[in-house]
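S.K.: how does the following fold in three dimensions:
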Amino acid sequence: MVGEKNFKKISKIALVAFIALTAFFAYNIQKIRFDYDFEKFFPIDDPETDFFADYREKFESDNDFLLVAIENYNGVFDKEFLQKVDRLNQEIKKVDLVKYSSSLTEMKQQFTDPLGFSYSRPYIDFEDFDPKRDSTKIFNSEELVNSFIAEDAKSVCIFVRHDDYISKKKSDQLIGGIQDLLKNYEFDHVRIAGRTIGQKYYIDKMSFEMALFVGMSAVLIVLFLFLAFRSIWGVLIPQVVIFSGMIWVVGSMGLFNEPINIILTVLPSIMFVVSMSDVIHLVSRYLDALRVETSVFSAIKVAVKEVGLATLLTSITTAVGFFSLYFVRVQPIQVFGIVMGFGVLIAFVLTFLTLPVLFYIFPGPKYVLEKKEDHFWKKYLNRWFVWVIKNPKKVLLLSGIVVAISVVGLLQIDSNNFLMDDLSQKEELKKDFNYLDAHYGGVRPFELAVILQDTSKSVWDKDVLQQVDSIEAYLKNEYGVTIKNSLVQSLRILNRSSHAGNPDYFKLPKSSRKIRSGKQVLSMVGEGAFLRSIVDSTETTMRISGTIPDLGNNAVTAKNEKLNVFLKEKEALGLAKYQITGTAHLFDKNIGYLSMSLIRGLGISILIVALIIGFVYRSFSIMLLSIIPNMLPLIIIAGFMGYFGIELKTSTSIIYTIAFGIAVDDTIHFLGKFKFELMKGKGKLYALKRSYLTTGKAMILTTLILCAGFLLLIFSSFLGTYYMGLLLCITLFVALIADLTLLPVLLLLFFKQRK
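M.R.: This next block holds a predicted model:
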C-alpha cells in the first residue's frame, strides 16, 4: 500500500506529467478538421460498393452537380427575366471549379433536313421573343420539362457541373462565387441544391454546434457542480479533469489526423457526461469519507478503494458499448464508436490519476471539513428504500406492465432514411431541396448500369436499344425517374430533330441506319466527351442517369424490388444484365445492414458486460440480475420510438448501444457497494440499505447531470442529434428508476447470500 510520503512524491510527478500532456494535446487541437464525406456512409467491404467504384471510373461522378432554381412568380416567359437568367448562366461558367453550366436560355433545338444537313434554332429567341411560340417549343421537348423548366412555368433551373469530390474549402469557394453573382440580381426566389452546398451547410453547422455544445456544457458543469457540492472547491477541482479529458480526446484526433464527422459533433456533450459520472462518484465518496476519516490521505484511500473498481467497471462497460459500434458496417459510426470508447477510458484514467492528487493539494470545502452531515439525501433515500422493500410485488407488477406496453410500441418501429434526413423541415436548405424534389425531378441521383451479356453485341445494336428503351419507359412511367442522360434518350432527341421537331417522333429510331447516323452525331458532341459519359470505351456498358425525389429508403426499396423483378424478365432474354447503382443507392443499402449490425453489436456488448460483472463479483445470479434492469430502459425507449413515430435510421440506431453502456454504470456502482458490504460480513438487507443510501445520492446526481448534458443536444439543427439527446435522456432516467426500485427487489428476492 502506498504510504502518504510516497504518495506526496508521486503526486508531484503525476501533476507535472498531466500538465505537460494536456498542453501537448491542446496544441494539437488546432489540427482538427471537419468532414462531411457522403460516401463514407457507403457499406464497407460490399460488392456493390466495389461495383460502383469501377462504374464511376468508366463514366463520371453522379453526385457532383448543383441545381440553381430561379423563380419568377408571374411566370418565366418574361424577356427581361430570361435575359437575366442567361447572363447569370454565362457568369457561372466562369466561376472557379465549374466544369460547365446549362440553362434553357442558351439551348437550341436541333433539326436535320431530308438531305442530311443539320441546323438549329434557339428555344428562346431573344431577338424575336414570342412567349407563346417559345413556350410551345419548350413544352413539346419532353426532356426539358422538370429538368430545366418547372411544369408550372414559374421557375427555370441552371444545371451546374463542378469538379469531382471537392473539399470543404473548395465548396465554400464555389458556393461563395455563385452567391456573390446572385447578389447582383433581384430574382423573386433562388434555391440551390446539391451535394456541395449540403457539405458546406453541414460542416458550417457542425463547427457552430461543436462550439455551442462546449459553451453550454461549460455552463451546465459549473451549475451542477455548485448545486452538488455547494462550494468553489466543488466547482473548480472536478472541472480540471472534465475539460482536460475533452482536450485529450479532441487533441488526439488532431494528432492522428482524424476529422470530426457529423456524428462526432456530439463528442463534447458525451465526453462531458461520462467524465462527470466518474468525477461525481469519486468526489461524492471522498467528501463523505472526509466527514469521518482522521486525515485527507485516509479519505482519499477510502474513496479510491470503494469506488475505484466499480468506476473501472463502468468505464469498461461504457467503452464496450461504444466499441460495439465497430460492428456497424458504416465508417463514420465505426469511427464514432472507437473515438468515444477511448474517450471513456481516458476520462477514467484522468479521474483516478489526477483527482486524488488535487484532493491532497486542495483538501476540500469548509462545510465538509467541519464534519456536517448531509441530512437531505439521507432522509429521502431512506424513505424511498423502505417503500421499495415493503412493496416488491407492486414494483414487479408495474415493471411488467411497462414492459408489455413498450413491447407493443416496439413492434411499431419503422426503419427509414432520407438523404437530407438530419435537417428539420424549417431549415431553408431543406425547403430548397424539397422544392427541387417537387419541381425538377428531385436531387436524389438514380443510376442504372446496362452491361451486355452477349459479347458479340454492341450498345448500338437495335435489339439492345429497343430493350433499354422499354426499361426507360418503365423507369419514367412506373418508377418515377426523371431521366437526365442516356444513350436512348439522346437518340430520341436526334430522331425528333430529323422530323422538324415534331414531339410525336420523340422515340427511338426504327432503322439501324438512323441509329448509325445518330452515333456519328453524338461522337462529335464535345469532341466525344458527351458520349464517353454514357457509353464506355468497349461499347458494352452504358448508363441510364436520372433523378428522383427523396422519397425515403422504404419507398425506394419497394420501387427497387418491383424494378428488379422487371429487369430479371429482361435479363432472361440474354442481351444484357442491369444493376441499380449510384451514391444514393449505396447510402440506402447501409440501412439494410444496420439492423443486423446493431443487433449483433448490442448482443456482443450485453454479453461482454454480463461476463465482466459475473467474473468480478463471482456470482452467476448477480450477473443475470444486473442485466434485467438495464434491458428495461432499452425496451421502453424502443416502445417510445414506436408510439411517437421516431424512425430507426443511421442516427437513431446507435442510441441503443450507447444507452446500454452508460445505463449499466449505476447498476455496477450499486452492486459494487452491495458486494463490499457483504464482504464485511453484513446481512443482505443491511447491505442493500447501505448501498441504497451511500450510492443513491451519486446515482441520482450523475443521472441528472447526464440527462441535462444530453438534453443540450436538443438544441441541434440536426434531427439525428436532437433525437439522440432526447432518447438518451429518457433512457438514463428510466435506468435510474429501475436501479432504485427493480434492482433492490431482484437482489432481495433472488440473490442467495453465501453463508
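S.K.: what is the mean pLDDT for the one helix or strand Ser275 maps to?
M.R.: Assessed by DSSP states H and E, Ser275 sits inside helix 267-292. In this model, helix 267-292 has an average pLDDT of 77.
S.K.: and the helix or strand that that helix is followed by, what other elements does it pack with?
M.R.: Sequence-wise, the next helix or strand downstream of helix 267-292 (DSSP H and E) is helix 296-323. Helix 296-323 sits against helix 267-292, helix 331-361, helix 583-617, helix 655-679, with contacts defined as 3 or more Cβ pairs under 8 Å, 6 or more residues apart in numbering; DSSP states H and E. Placement of C-beta: from N, CA and C, glycine included.
S.K.: what's the end-to-end length of stretch 138-151?
M.R.: 11 Å (Cα to Cα, to the nearest Å).
S.K.: so which bits of it are buried?
M.R.: 138, 140-150 (16 or more other Cβ atoms under 10 Å).
S.K.: now the residues you listed as a markdown table including secondary structure, pLDDT and distance to Ser456?
M.R.: Shown next, in a markdown table, are the buried residues of stretch 138-151 (DSSP: H, G, I helix; E, B strand; the rest coil; pLDDT from 0 to 100; distance: Cβ to Cβ, whole Å):
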| residue | secondary structure | pLDDT | distance to Ser456 |
| --- | --- | --- | --- |
| Ile138 | helix | 90 | 42 |
| Asn140 | coil | 88 | 39 |
| Ser141 | coil | 88 | 36 |
| Glu142 | coil | 86 | 33 |
| Glu143 | coil | 87 | 32 |
| Leu144 | coil | 89 | 37 |
| Val145 | strand | 89 | 38 |
| Asn146 | coil | 86 | 38 |
| Ser147 | coil | 88 | 35 |
| Phe148 | coil | 91 | 39 |
| Ile149 | strand | 93 | 42 |
| Ala150 | coil | 92 | 45 |
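S.K.: quickly list what the residue nearest to Ile92 when sequence neighbours are not counted is bridged to.
M.R.: Spatial nearest neighbour of Ile92, chain neighbours left out: Ser101 (4.6 Å); criterion: Cβ to Cβ, 6 or more residues apart in numbering. Applying DSSP bridges to Ser101 gives these bridge partners: Val160.
S.K.: where's Ser101 relative to Val222, distance?
M.R.: Per Cβ to Cβ, to the nearest Å, Ser101 is found 52 Å from Val222.
S.K.: so the two - more neighbours on which side?
M.R.: Ser101 (23 against 13; other Cβ atoms under 10 Å).
S.K.: assign Lys459 to helix, strand or coil.
M.R.: Careful, residue 459 is Val and not Lys. coil (DSSP: H, G, I helix; E, B strand; the rest coil).
S.K.: okay, whichever strand or helix holds Lys379 in CSV with CA atoms only?
M.R.: In the assignment (DSSP H and E), Lys379 maps to helix 375-390. Output in CSV follows, covering the C-alpha atoms of helix 375-390 (Å, rounded to 0.1, in the frame of the first residue of the first chain):
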residue,chain,number,x,y,z
HIS,A,375,-29.3,15.1,6.1
PHE,A,376,-31.3,16.0,3.0
TRP,A,377,-30.2,13.0,0.9
LYS,A,378,-30.2,10.5,3.8
LYS,A,379,-33.8,11.5,4.8
TYR,A,380,-35.4,11.0,1.4
LEU,A,381,-33.3,8.0,0.3
ASN,A,382,-34.3,6.2,3.5
ARG,A,383,-38.0,6.8,2.8
TRP,A,384,-37.7,5.5,-0.8
PHE,A,385,-35.8,2.4,0.3
VAL,A,386,-38.4,1.5,2.9
TRP,A,387,-41.2,1.8,0.3
VAL,A,388,-39.4,-0.4,-2.3
ILE,A,389,-38.6,-3.1,0.2
LYS,A,390,-42.2,-3.2,1.6
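S.K.: give the contact list for Val273.
M.R.: Residues near Val273 by Cβ atoms under 8 Å, 6 or more residues apart in numbering: 662, 705-706, 709-710.
S.K.: separation between it and Gly526?
M.R.: For Val273 relative to Gly526 (Cβ to Cβ), the value is 56 Å.
S.K.: with Leu575 instead?
M.R.: Counting by Cβ to Cβ, the gap from Leu575 to Gly526 is 29 Å.
S.K.: between the two, which is the more surrounded one?
M.R.: Leu575 (18 against 12).
S.K.: circling back to that earlier point, may I see the helices and strands packed on helix 296-323 organised as JSON lines, with distance to Leu531 added?
M.R.: Converted to JSON lines, the helices and strands packed on helix 296-323 look like this (distance: least, Cβ to Cβ, whole Å):
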{"stretch": "helix 267-292", "distance to Leu531": "48"}
{"stretch": "helix 331-361", "distance to Leu531": "35"}
{"stretch": "helix 583-617", "distance to Leu531": "23"}
{"stretch": "helix 655-679", "distance to Leu531": "49"}
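S.K.: so which of those helices gets nearest Phe129?
M.R.: helix 583-617 (38.9 Å; Cβ to Cβ).
S.K.: so that closest one versus helix 655-679, what angle?
M.R.: Angular relation of helix 583-617 and helix 655-679 on a 0 to 180 degree scale: 0 degrees, by axes from the mean of the first three to the mean of the last three Cα atoms, to 10 degrees.
S.K.: need the mean per-residue confidence for stretch 432-447.
M.R.: 86.
S.K.: what comes up buried for that stretch?
M.R.: 432-437, 439-447.
S.K.: can you tell me which of those end up in helices?
M.R.: 432-437, 439 (DSSP state H).
S.K.: can you tell me which of the residues you listed lies closest to Ser118?
M.R.: His439 (32.2 Å).
S.K.: these two touch, right, the closest one and Ser147?
M.R.: No: shown here, His439 and Ser147 do not form a contact pair, counting by Cβ atoms under 8 Å, at 10.3 Å.
S.K.: other residues contacting the host helix or strand of Ala473?
M.R.: Under the criterion of DSSP H and E, Ala473 resides in helix 462-474. Residues outside helix 462-474 that contact it (Cβ under 8 Å, 6+ apart): 448, 450, 452, 457-459, 483, 486-489, 491, 507-508, 512, 515, 542, 544, 563, 566-567, 570, 573, 575-576, 578.
S.K.: go with 7 Å
M.R.: Applying Cβ atoms under 7 Å, 6 or more residues apart in numbering, the external contacts of helix 462-474 come out as 450, 452, 457, 483, 486, 488, 508, 512, 515, 544, 566, 570, 575-576, 578.
S.K.: show me which of these are buried.
M.R.: Here, 16+ other Cβ under 10 Å leaves 450, 452, 457, 483, 486, 488, 508, 515, 544, 566, 570, 575-576, 578 buried among the contacts of helix 462-474.
S.K.: what is the nearest of the residues you listed to Leu411?
M.R.: Distance to Leu411 across the buried ones among the contacts of helix 462-474 (Cβ to Cβ) is lowest for Phe566, with 32.3 Å.
S.K.: in a helix, that closest one, correct?
M.R.: Yes: under three-state DSSP, Phe566 sits within a helix.
S.K.: can you give me the end-to-end distance of stretch 89-105?
M.R.: By Cα to Cα, one end of stretch 89-105 lies 9 Å from the other end.
S.K.: distance between that stretch and the chain's centre?
M.R.: 33 Å (Cα atoms, centre = their mean, to the nearest Å).
S.K.: which residues touch it?
M.R.: By Cβ under 7 Å, 6+ apart, stretch 89-105 touches 82, 85-86, 106, 123-124, 138, 144, 148-149, 156, 158-163, 166, 170, 173-174, 177-178, 181.
S.K.: which parts of it are buried?
M.R.: Here stretch 89-105 shows 89, 91-93, 95, 97-98, 101-105 as buried, counting by 16+ other Cβ under 10 Å.
S.K.: all set now, cheers.
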